[in-house]
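Chemist: With the sequence up front, the predicted model follows.
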Amino acid sequence: MIDNMYQKMRVGIVHFKAFPGIETGEGPILETLQKICEDDFWTAVEVGWMKDFRVRNTARHLLDQSHLSVAYATQPRILSNKLNLNSFDPKERNTAIGAVKNCIDEAYDLGAEVVRLIAGKDPGDAKREEAKKLLVDSLQQIMEYGKEEGTMKFTLKIFDRDIDKMNLIGHFADALDIAKALRPSYPNFGLLSDLSHFPLLKEKAEEAIPLVRDYLDSVHIGNCVCADRRHPAYGDIQPRFGLPGGEIDTQDVVEYFEVLSDNGFFDKDERPIVSAEVRPVLAGEISEIILANAKRVIRDAWALANADAASRRTGRDQRTDARGRLQAAE
């Protein structure tokens, strides 16, 4: 690893989570986006649905001025409208495909370099393999459309299956199947892993990340609550780091960075986008403070991960020296 995190990644924030109320494509989109553009801690931003073309035009001007890398997330439009790219109903699936194509148009309008994709609901064990084939077909159509429009990358986000979003993708083994089916024909397709989803999936990063390391293009970091159903942040809500009752805090981000580093994630030719996905959830919480929380956690976690890496290197060097002295003595 390396001390300066900006040398190894572009540090992003998910706009529509940091400022709730704009997921519907309306609301104070420009005012809140400007706050992110003004903050030079962030070098990337993930934006979503903007219904009004005039808002998109102004947002594009803000983003162009800011020099931020831009990702476009389809989740706001897809989840708000309960769309499903792996629906068994052809009409429903075509509606979802059409909506994502509209998202691609918006992404180009906003100067985005990558579109975040999301699978539909998991149909259960008996129909899961069939649903995965339908998802692959939908994604092929979407990426062909993206190819016609210009140069765009795509990432499929890995969600939870059993607690909140009930998503087909889903467990990392299933995500790997999708990536293997698509990557040979679409080198611009990859996966996105979210730290907050590991507890929801009951999977461990140190076991799951190596499965998809060849396809992992981006990551999110965030928190979740899954132990107490009565908790106001229960499920896939993305509360702040360190929330009482939550699963993720600084040390978990440290360990995530270490796993990613061990699997070559930070050694890409192009620095990957690593975005915080957090939002105010509890009464009295304020977006600006939640963002400050995330920035402190990211900085601390990167520094601690580098310290751990240095310590591990020192330990390896000492063991190597000891073996060398022992062999010389023999």
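Modeler: That came through fine.

Chemist: all contacts plus neighbour counts: C-alpha atoms, from now on.
Modeler: Will do.

Chemist: ranges for the strands of the stretch 201-330 of the chain?
Modeler: 216-221, 273-276 (DSSP state E, counting those that start in this stretch).

Chemist: Need the residues that contact the last one.
Modeler: Strand 273-276 has contacts (CA atoms under 8 Å, 6 or more residues apart in numbering) with 9-14, 44-46, 217-222, 294.

Chemist: and the two most separated of these?
Modeler: 217 and 294 (21.3 Å; CA to CA).

Chemist: tell me the centre residue of this protein?
Modeler: When CA atoms, centre = their mean is applied to the chain, the residue found nearest the centroid is residue 220 (3.5 Å).

Chemist: Kindly provide the distance from that residue to residue 274.
Modeler: Distance from residue 220 to residue 274, counting by CA to CA, to the nearest Å: 6 Å.

Chemist: next one: residue 37
Modeler: Residue 37 sits 17 Å away from residue 274, going by CA to CA.

Chemist: If you count surrounding residues, which of these two has more?
Modeler: Set side by side, residue 37 and residue 274 show more neighbours around residue 274, with 24 against 20, by other CA atoms under 10 Å.

Chemist: Show the average pLDDT along stretch 117-125.
Modeler: On average, the pLDDT along stretch 117-125 is 96.

Chemist: who touches that stretch?
Modeler: The contact list for stretch 117-125, computed with CA under 8 Å, 6+ apart, reads 73-75, 78, 83-87, 128, 131, 135, 154-158, 161, 165-170.

Chemist: Looking at those, which are in strands?
Modeler: Judged by DSSP state E, the contacts of stretch 117-125 include 73, 154, 155, 156, 157 as members of strands.

Chemist: can you pull the contacts of the last one?
Modeler: Counting by CA under 8 Å, 6+ apart, residue 157 makes contact with 116, 117, 118, 119, 169, 191, 192, 193, 194.

Chemist: do the fourth one as well
Modeler: Applying CA under 8 Å, 6+ apart to residue 156 gives the contacts 116, 117, 118, 119, 189, 190, 191, 192.

Chemist: Go again with 10 Å.
Modeler: By CA atoms under 10 Å, 6 or more residues apart in numbering, the contact set of residue 156 is 115-119, 139, 169, 175, 178-179, 189-193, 216-218.

Chemist: go on, residue 62?
Modeler: 30, 33, 34, 36, 37, 38, 56, 68, 110.

Chemist: what does residue 301 give?
Modeler: Residue 301 neighbours (CA under 10 Å, 6+ apart): 249, 250, 251, 252, 253, 254, 255, 256, 257, 258, 295, 307.

Chemist: I'd like the distance between the closest residue to residue 103 other than its chain neighbours and residue 57.
Modeler: Leaving aside its chain neighbours, residue 103 sits nearest to residue 74 (6.3 Å; criterion: CA to CA, 6 or more residues apart in numbering). For residue 74, the distance to residue 57 equals 18 Å [CA to CA].

Chemist: can you check residue 35 too?
Modeler: As judged by CA to CA, residue 35 and residue 57 stand 17 Å apart.
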